[in-house]
Structure formats: C-alpha cells, structure tokens
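Asker: Sharing a sequence plus its predicted fold:
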Amino acid sequence: MAIIDFRKITVEPVLFFYMLCTIMSVQLAQQLAFNKICQDKYDAETCKNLTKSQEDFVHEKTSKWILYQSVSLMVPSIAASLILGSWSDKVGRKTVLILPSVGSVLLYINYMLNVGYFSLDVNFILIGVCISGFFGGFATTLLGVFSYISDITDKSQRTLRVAILESMIFLGGTVGNLIGGVLVEHQGFMAAFGLCLGLSVVVIFYVSLILPESYFPEEDQEGNWALVAVHNHLKACFRVLSKQRPQHQRLNLLVIMFGIFFLIVLCE
C-alpha cells in the first residue's frame, strides 16, 4: 500500500481551502442577495410564502445582481493577475499567494457586515467583491500555485504534481458545496462566512510561516511598487502573449489563457 509523503505537500492546501471557501461563499452570497432583494420589496413573512409572480420578480432582480457580482470580481481580478504574474518573478511566489486570501478576508468581513446589518442595500456586497478582485482573486491564486509547483518540480514529476494540484479545485469546490447549505440551515449565514474567514486567515499564516519560498529573484527589488514597475510588469505580460513561438505554441498559450478566463467566469 502506498504511503503518503506529507513532506511533499506544499500549495495543495492553499488551493483546496481557497476553492472550498470561494465556491461555498459565492453561492451563499447569491442566496443572501436573494433574501435582501426580497425583503427590500416585501416583508419577511411574505418572503417565506412568495407567489409565482413575486418569486419571478425576485429571481429576475437576483439574476441581474449575480451578473454584476461576476463582473465586479472578474474584471479587477484579471487586471490584477496581469500585473501580479510578472511581479511574482520579481518578489517571489509567497507574496502573490497571500494577496488573494487577504482579499478574501476583506470580502468575508463584508459579507458578515451585510448579514449583521441586513437592512443595508444589496449592492454594498459588491464593494467587498470588487476589493477582493483587486487582490487577485481566483486568477491570481491559480497563477501562484501553478508557478510554485513549476518552481519546485522537474519534468519527471511535474505532470503528477500538477494533476494532484488541479484535483484540489474540484475537491475543494465539492466540499464547499456540501457543507455550505448545511451550515446556513443549522447555524445561519454568519457561521458559514465566519468559517470562510477563519480558513482564509489559516491560509495566510500557512503561507507566511510554514510554506517555504520557491523562487528567489537575484536582481535588486528597490522600487517594485512604483508606477513604472507596474507598467513594466504589464509590458512583460503582453510580451509573453505576443512572442513568436515554434510549433503553434503561442496559439496554444492563448487558448489555455482564455480557457482559464472562462473557468474564472464559471467559478464566479
């Protein structure tokens, strides 16, 4: 029987817990938005026994809000990932791995405030969503964990390690789907979002204190936060995408990139 070597575990827990919280919280946020939209139009008792026309009205409003939610997260996170991808080559991987979880902490605090102050307008939820996007979101998390695995593996073991890492996306999402509804039913929204907040804090401490750095840039890092550095990172990103490559490799890269963006939209 094969024995699991726990010493080889690196960024797998980061992706597992990030996906668990993301999938669970996105669905619960939409449910929270439904309740807010309903109670903004009707009283709490009516919302428990909606007629067909009333339910259709609330669903229509919620569907529009979900679209705003997706755009509020997708656009900032893609923009941030374009900068952070190049920036990680200048400062190492750990900082880029931490940032999305910091954004998640702020997002879950926002969710909890919207639960505690239920009368707040539903669009206040989008503030936290947008802030989370600017910290990189799902796109930067994927970028960070796969870059980390590439750094610490050679070609003989990389395929297996990448496959195991990819499985964390679906495993974490499945667990998040399973426990989210149960938590809300028995403990309420506050407990569910509180769990996500706690797990995100755990990820931050794990990356900061336990996970070893995988990439050590040699050049001087002074001024990396300057606007000129952001401009340079954007140029480096587009150079990667536009560079001529043999055997249609540039086309393959673009197809993979747009496939990842499509996955981001689905997850959001």
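Answerer: Now that the structure is in, tell me what you want to look at. Numbering: from 1, shown residues only.

Asker: C-alpha from now on. contacts and neighbour counts both.
Answerer: Fine.

Asker: mean confidence score for the helix ranked longest in the chain?
Answerer: For the chain, the longest helix by residue count, based on DSSP state H, is helix 52-91. Taken as a whole, helix 52-91 has an average pLDDT of 84.

Asker: Buried ones in it, by neighbour count?
Answerer: Under the neighbour-count criterion of 16 or more other Cα atoms under 10 Å, helix 52-91 has 54, 58, 62, 65-66, 69-74, 76-91 buried.

Asker: Then stretch 93-105?
Answerer: Within stretch 93-105, the residues that count as buried by 16+ other Cα under 10 Å are 93-105.

Asker: Name the surrounding residues that touch it.
Answerer: Contacts to stretch 93-105, defined as Cα atoms under 8 Å, 6 or more residues apart in numbering, come from residues 18, 84, 88, 131-138, 140-141, 144-145, 147-148, 197, 200-201, 203-204, 207-208, 211, 213-215.

Asker: same check, this time on stretch 21-29
Answerer: Applying Cα under 8 Å, 6+ apart, the external contacts of stretch 21-29 come out as 111, 172-173, 176-177, 179-181, 189, 192-193, 196, 199-200, 267-268.

Asker: can you pull the contacts of L142?
Answerer: L142 makes contact with L15 under the criterion Cα under 8 Å, 6+ apart.

Asker: what about it, which helix or strand?
Answerer: With elements taken from DSSP states H and E, the one containing L142 is helix 137-152.

Asker: buried ones in that helix?
Answerer: 137-150.

Asker: Report the distance from that helix to the chain centre.
Answerer: Averaging C-alpha positions (Cα atoms, centre = their mean, to the nearest Å) puts helix 137-152 12 Å from its chain's average.

Asker: quick one, that helix and helix 52-91 angle?
Answerer: In terms of direction (axes from the mean of the first three to the mean of the last three Cα atoms, to 10 degrees), helix 137-152 departs from helix 52-91 by 30 degrees.

Asker: now, the most widely separated pair of the buried residues of stretch 93-105?
Answerer: Taking Cα to Cα, the two most distant members of those are R93 and V105; they sit 19.5 Å apart.

Asker: these two touch, right, L20 and I179?
Answerer: No. Using Cα atoms under 8 Å, L20 makes no contact with I179, being 9.3 Å away.

Asker: which one of the two has more residues nearby?
Answerer: L20 (25 against 14; other Cα atoms under 10 Å).

Asker: That one: what secondary structure?
Answerer: What DSSP: H, G, I helix; E, B strand; the rest coil gives for L20 is helix.

Asker: What pLDDT is listed against it?
Answerer: Value for L20, per-residue pLDDT: 95.

Asker: All the helices of the stretch 101-250 of the chain, in order from the start?
Answerer: With DSSP state H, counting those that start in this stretch applied, the stretch 101-250 of the chain shows helices at 125-134, 137-152, 155-187, 189-205, 227-242, 249-267, listed in chain order.

Asker: Any regions of the protein where pLDDT drops low?
Answerer: The model of the chain has pLDDT under 70 over residues 1-7, 218-268.

Asker: tell me the residue furthest from the middle of it?
Answerer: Relative to the mean C-alpha coordinate of the chain, counting by Cα atoms, centre = their mean, the farthest residue is T51 (36.0 Å).

Asker: mind checking how far it is from W65?
Answerer: T51 sits 21 Å away from W65, going by Cα to Cα, to the nearest Å.

Asker: ok and the helix or strand containing P13 relative to helix 155-187, angle-wise?
Answerer: Taking DSSP H and E as the definition, P13 sits inside helix 12-41. For helix 12-41 against helix 155-187, the angle between stretch directions is 30 degrees (the same axes, to 10 degrees).
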